[in-house]
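[1] Fold the following for me, if possible:
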Amino acid sequence: MPRRRSLGSVAWHLLMSLLVLILTHRATSFSALPQPPRNIAIPFMNRIKRASSWENGIRVLQDIESEGYSPDAFHYSAVISKCAKKGNWRAALTVLKRMQNQGVAANNVIPYNAAISACGEAGRTNTAVGLLAEVKRQGLEPDVITYSAVISACEKGSRTDTALDLLAEMKERGLEPDVISFNAVISACEKGSRPDTALELLAEMKGRGLQ
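    Presented below is the predicted three-dimensional model:
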């Protein structure tokens with residue numbers, strides 16, 4: 001006999017589906033709006049930071065549009081980060097998609113970093129790795145934060161080889177791995193029964209003056 005989902009679970013999925021439809025429709029409707037000037041953008045950003053939930057953060061995005069402007073990449077990043085803190089990776093991806101539909105992030109990797117972190121925190125390793133690939137397809141340059149977030153996701157997902165490959169890729173791109181990058185790769189090696197590699201990375205980390 002098939003397992004029945006609880007009423008709460010069904011309601012939550014219906015809510016998420018409705019949210020996707022609303023956000024997609026509004027993104028299409030407001031795609032030609034200009035971004036707000038600094039004196040308007042900052043107060044809205046403060047409202048997002050003070051929002052008690054990611055849902056309230058999304059309402060701020062809608063308020064920006066109601067004022068005749070399109071939220072900028074920093075507004076979207078702040079809302080996506082709220083989704084991450086609440087462990088709601090689906091909402092984070094929904095907001096990212098909405099932003100993409102508006103063409104807001106064409107020259108900014110920050111919202112992708114927030115979305116990758118959201119997926120990593122939720123254990124969605126493959127999705128986090130896929131977002132890195134999307135960043136590259138968009139012609140954006142992944143930064144240290146991007147790689148650190150994906151490597152951390154790989155550590156949580158026990159993908160040791162991928163974590164090591166990403167660390168090597170960082171160096172090839174001329175990026176300097178930070179403490180977060182090294183700690184995540186070292187932890188991945190420990191989980192993957194690669195103690196020798198972990199010790200080598202620890203020595204490299206200390207040689208770079210990182211603690």
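[2] What helices and strands are in contact with the helix or strand containing residue 65?
    In this structure, residue 65 sits in helix 54-66 according to DSSP states H and E. Identification of packing neighbours for helix 54-66 by 3 or more Cβ pairs under 8 Å, 6 or more residues apart in numbering; DSSP states H and E yields helix 7-29, helix 38-50, helix 73-85, helix 89-102. Quick note: C-beta positions are derived from backbone N, CA and C, even for glycine.
[3] Any figure for the gap between the residue nearest to residue 59 when sequence neighbours are not counted and residue 84?
    In this structure, residue 59 finds its nearest non-sequential neighbour in residue 51, 7.8 Å apart by Cβ to Cβ, 6 or more residues apart in numbering. Distance, residue 51 to residue 84, by Cβ to Cβ, to the nearest Å: 14 Å.
[4] could you dump stretch 80-97 to PDB, C-alpha only?
    Provided in PDB are the C-alpha atoms of stretch 80-97 (Å, rounded to 0.1, in the frame of the first residue of the first chain):
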ATOM      1  CA  ILE A  80      18.800  33.600  -0.800                       C
ATOM      2  CA  SER A  81      21.000  33.700   2.400                       C
ATOM      3  CA  LYS A  82      17.900  33.900   4.500                       C
ATOM      4  CA  CYS A  83      16.600  30.800   2.700                       C
ATOM      5  CA  ALA A  84      20.000  29.100   3.500                       C
ATOM      6  CA  LYS A  85      19.800  29.900   7.200                       C
ATOM      7  CA  LYS A  86      16.300  28.400   7.400                       C
ATOM      8  CA  GLY A  87      17.600  25.300   5.500                       C
ATOM      9  CA  ASN A  88      15.200  25.900   2.600                       C
ATOM     10  CA  TRP A  89      17.300  25.200  -0.500                       C
ATOM     11  CA  ARG A  90      14.200  24.900  -2.700                       C
ATOM     12  CA  ALA A  91      13.200  28.500  -1.900                       C
ATOM     13  CA  ALA A  92      16.800  29.600  -2.500                       C
ATOM     14  CA  LEU A  93      16.800  28.100  -6.000                       C
ATOM     15  CA  THR A  94      13.400  29.600  -6.700                       C
ATOM     16  CA  VAL A  95      14.600  33.100  -5.800                       C
ATOM     17  CA  LEU A  96      17.800  32.500  -7.900                       C
ATOM     18  CA  LYS A  97      15.700  31.500 -10.900                       C
END
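[5] gap between the spatially most central residue of the chain and residue 149?
    Nearest residue to the geometric centre of the chain (Cα atoms, centre = their mean): residue 115, 1.5 Å. Per Cβ to Cβ, residue 115 is found 9 Å from residue 149.
[6] Then residue 204?
    21 Å.
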